[in-house]
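[1] Sequence and predicted model, in that order:
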Amino acid sequence: MRFTRALSAAVVLLGLAAAPAAADSSPSASPSGDGDAPTTAGTSFRTATEFEQGQVATANGAAGDYLYWSFPADAGQRPTVKATVKLPETHAAQTWRVDVYDGLRRRQACQWGAQARTADAGTSSVELACVLRTVRAWTEPWANDPLPGTYYVRLTAVNVPTSDLGVPVSTEVRVDSKDIGGAAAVDGSLAEPLVPGIAVTSGADKGDEDEKSAVLSAIEPEDGWSSGWWSDRWVWSGIGAVLAALAGIGGYALTRGSGRPSRVPPGA
Amino acid sequence: MITRTRLAAGACALLAALAAGMAFPAGASAGEPTGEDAPKVDLVLDVSGSMRTRDIDGGTRMAAAKQAFNEVLDATPEEVQLGIRTLGADYPGDDRKTGCKDTAQLYPVGPLDRTEAKTAVATLAPTGWTPIGPALLKAADDLDGGDGSKRIVLISDGEDTCAPLDPCEVAREIAAKGIGLTIDTLGLVPNTKMRQQLSCIAEATGGTYTSVEHTDELTDKVNQLVDRAADPVVTPVATEGADACAKAPTLKSGLYTDREEFGQQRWYRVDVEPGQELRASVSVGADRAVNPSYGVLLRAVTVHGREIVRGEAAGDGRTDVLSTGLRYPKAESDEDDAAAEAVCLQVTNSFSVASGVKTTPGLPLELTVDVVDGPGDSDDVAAFGLGRGWWLLGLLVLVGFVAGLLWGWLSRWRFAIWRTN
């Protein structure tokens, strides 16, 4: 009897314990349709073309151009920037590089990925990649860890022979991110995401929205910035509490026996 | 009764919290978006004698340019004010002095009458010299006035023939006037020297250089550039940093531009209220050939000279700008009427040029300032101090189990004692 109870309790415990593991594997940012993906790129931080994660932004440029795009990244995401440059049939060896900057225009380190590559003469394309660090909701102000907000991608040829200057190339940029989930859930949050010009835009009168006025960065993820309140740590902690309570009851039950004093005869 | 009082107090606290959350940051707005002024584009076309060469898709360069212009004029967005200027269109002679003044406004910058503009383009015939420098100066005058974006698109098939006026330096001076002008250059069937010159002009103003070998490439590129001009962009506010904090201009949230010479310091001030966060980023542009290895340093310093935080960037090789930024959340104050703190921002650069390269005007500097509400506190590494993972679950189960056992034994023991008594 006691054994059956302990067993069923264990089964319940196992079932409960599996839940947070399932909560972990939430899907990463879903790719959106490419219908309105941008086909141009900006030429400075100020004119960077905005695009969403999952979209493929394309642009025709020239070797020697500095091409800028920007995308939003939210807390708990680990963005991967991938860029492809299609080169003309004949060209000399040239080196291309992709750099990622945060909303404060600070260069962000790539954990791994070929950030710069040399295309030898005759190769038709170069593929670059940069895996950023996980974006956290809060960091100390003296750190340059990635924070939620705008991220700039700059794609350029860092080493072009003069004979190749201005030669048309076509480029493609795509950003996907891995959802790191509760493991990256830190305490604290920013009052406003790290979006340049947000002090001007959020302070402005919201009434005249119809006027198509220019802003430094109007970027926002499709479903808005996360509030930073929810993380799967709540599930883990909650389940932990339930398990602890059940284990407590189990331990207590072990010491109490079946609930009947053993000295009392069965028939009484 | 007590419950009701508590409820009321709770509701009040909630309301207060909501109200605080909804209050907008008090950041005032300088450099307010000014999208009202029409974007202006001046197409500067080289009509020098060399445009007669037949090497673009079997036709002359001039024919290609004319065809491209016709298509561009058809596709120009309504809001763009387009003008056309020619260089080397009128003087066929050999006198260099006269030939180098030969630039004329073919169609004035203003609302576009497509038929009229096309008729004007049709009259062009390849003629004279290639005075790029003077043409750029005049084109900048054409575009003067208004706060919209301004763009010169220079289409040329040869390098400037009017030395010693270096068109590259002309471009840099035009950019330094602070009228927010970009020059894009297109080279028709370019040679090495021309590529260097045209890309130098483009880099001096943050524009692009493209080589063109076919008519459709020319059309596409010019269309792309005109469309780019039509995109609304924030126009930065010109400011002038001082050489010491005490004399520095006070900036509010917004976008600013300035010029910084090599090795010069620039100081600005920003007022930050307690509980607000200052975000500043700076980009220093390399608008001429600079030596490899360079850096930019942005420091936030108190009025007494203590460094609060710094942002630094260093680089190597070809670049357009080098940028860095910093964040400074000023702690909340207990006093009700605590004064705003004047934070000094110091910008220095370690760019250098080879001897012979002009160091004036200074490098273009772009500064963004945002004063927003301060970030929330972080009392723990983990969100709300919550736990996560199998170790946590294991520990909780173990502790719970042990606690249950102890409690059980304790109550058995107490029961035994009670029975004995």
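    Ah, there it is.
[2] so what's residue 124 closest to, chain neighbours aside?
    With no chain named, the answer covers chain A. In space, and not counting its chain neighbours, A:Ser124 is closest to A:Leu87: 6.0 Å by Cβ to Cβ, 6 or more residues apart in numbering or on different chains. In this view, the C-beta of every residue, glycine as well, is placed from N, C-alpha and C.
[3] Let me rephrase: I mean chain B.
    Per Cβ to Cβ, 6+ apart, closest to B:Leu124 is B:Val47, 5.4 Å.
[4] Let me see the contact set for that neighbour.
    Listed by Cβ atoms under 8 Å, 6 or more residues apart in numbering or on different chains, the contact partners of B:Val47 are B:62, B:86-89, B:124-128.
[5] Dump these into a markdown table; add neighbour count as well.
    A markdown table is the format used below for the contacts of B:Val47 (neighbours: other Cβ atoms under 10 Å in any protein chain shown):
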| residue | neighbour count |
| --- | --- |
| B:Met62 | 23 |
| B:Thr86 | 24 |
| B:Leu87 | 30 |
| B:Gly88 | 30 |
| B:Ala89 | 22 |
| B:Leu124 | 18 |
| B:Ala125 | 12 |
| B:Pro126 | 20 |
| B:Thr127 | 19 |
| B:Gly128 | 24 |
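[6] Among those, name the ones in helices.
    Judged by DSSP state H, the contacts of B:Val47 include B:Met62 as members of helices.
[7] Verify the stated contact: the residue nearest to A:Ser124 with A:Ser125.
    Yes: here A:Leu87 lies in contact with A:Ser125, judged by Cβ atoms under 8 Å, at a distance of 6.2 Å.
[8] between the two, what contacts are shared?
    Common contacts of A:Leu87 and A:Ser125, defined by Cβ under 8 Å, 6+ apart, comprise A:Ala119.
[9] what bits of the chain have low per-residue confidence?
    Unless you meant another one, I'm taking chain A. Residue ranges of chain A with pLDDT under 70: A:1-35, A:203-213, A:258-268.
[10] try chain B instead
    For chain B, the stretches flagged by pLDDT under 70 are B:1-36.
[11] which helices and strands sit right next to the helix or strand hosting B:Gln196?
    Using DSSP states H and E, B:Gln196 maps to helix B:192-205. If contacts are counted by 3 or more Cβ pairs under 8 Å, 6 or more residues apart in numbering or on different chains; DSSP states H and E, helix B:192-205 sits against helix B:132-142, strand B:150-156, helix B:167-176, strand B:181-188, strand B:209-212.
[12] Chain A: which of the ones you listed is closest?
    strand B:209-212 (3.6 Å; Cβ to the nearest Cβ).
[13] Check which residues of that closest one are buried.
    Neighbour counts over strand B:209-212 (16 or more other Cβ atoms under 10 Å in any protein chain shown) mark B:209-212 as buried.
[14] Check stretch A:234-253 too.
    A:234-237, A:239-240, A:242-244, A:246-253.
[15] With distance to chain A added, can I get the helices and strands packed on helix B:192-205 in TSV?
    Formatted as TSV, the helices and strands packed on helix B:192-205 follow (distance: least, Cβ to the nearest Cβ, whole Å):
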stretch	distance to chain A
helix B:132-142	16
strand B:150-156	11
helix B:167-176	12
strand B:181-188	6
strand B:209-212	4
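[16] With respect to B:Leu367, which of these lies nearest?
    helix B:167-176 (16.3 Å; Cβ to Cβ).
[17] starting at the chain centroid, how far to the closest one?
    On the basis of Cα atoms, centre = their mean, to the nearest Å, helix B:167-176 sits 19 Å off its chain's mean C-alpha point.
[18] tell me what that helix is packed against?
    helix B:132-142, strand B:181-188, helix B:192-205.
[19] any idea where the helices of chain B begin and end?
    Chain-ordered helices for chain B, with DSSP H as the definition, fall at B:2-22, B:61-75, B:96-99, B:114-122, B:132-142, B:167-176, B:192-205, B:215-230, B:390-420.
[20] So for chain B, which residue is the most central one in space?
    Geometric centre of chain B, nearest residue: B:Glu366, 6.8 Å, by Cα atoms, centre = their mean.
[21] got a list of what residue 160 touches?
    No chain specified, so I'll use chain A. Contacts for A:Val160 (Cβ under 8 Å, 6+ apart) come out as A:63-64, A:94, B:318.
[22] think we crossed wires, I meant chain B
    Listed by Cβ under 8 Å, 6+ apart, the contact set of B:Asp160 reads B:130-133, B:166-167, B:197.
[23] How many neighbouring residues does the closest residue to B:Cys200 other than its chain neighbours have?
    What sits nearest to B:Cys200 in space, not counting adjacent residues and going by Cβ to Cβ, 6+ apart, is B:Cys168, at 4.1 Å. The local packing of B:Cys168 (other Cβ atoms under 10 Å in any protein chain shown) involves 24 other residues.
[24] How about A:Thr90?
    10.
[25] Relative to chain B, how far out is it?
    Distance, A:Thr90 to chain B, using Cβ to the nearest Cβ, to the nearest Å: 12 Å.
[26] May I see the domains of chain B written out as residue ranges?
    Chain B resolves into domains spanning B:40-230, B:236-373 when parsed by automatic domain parsing.
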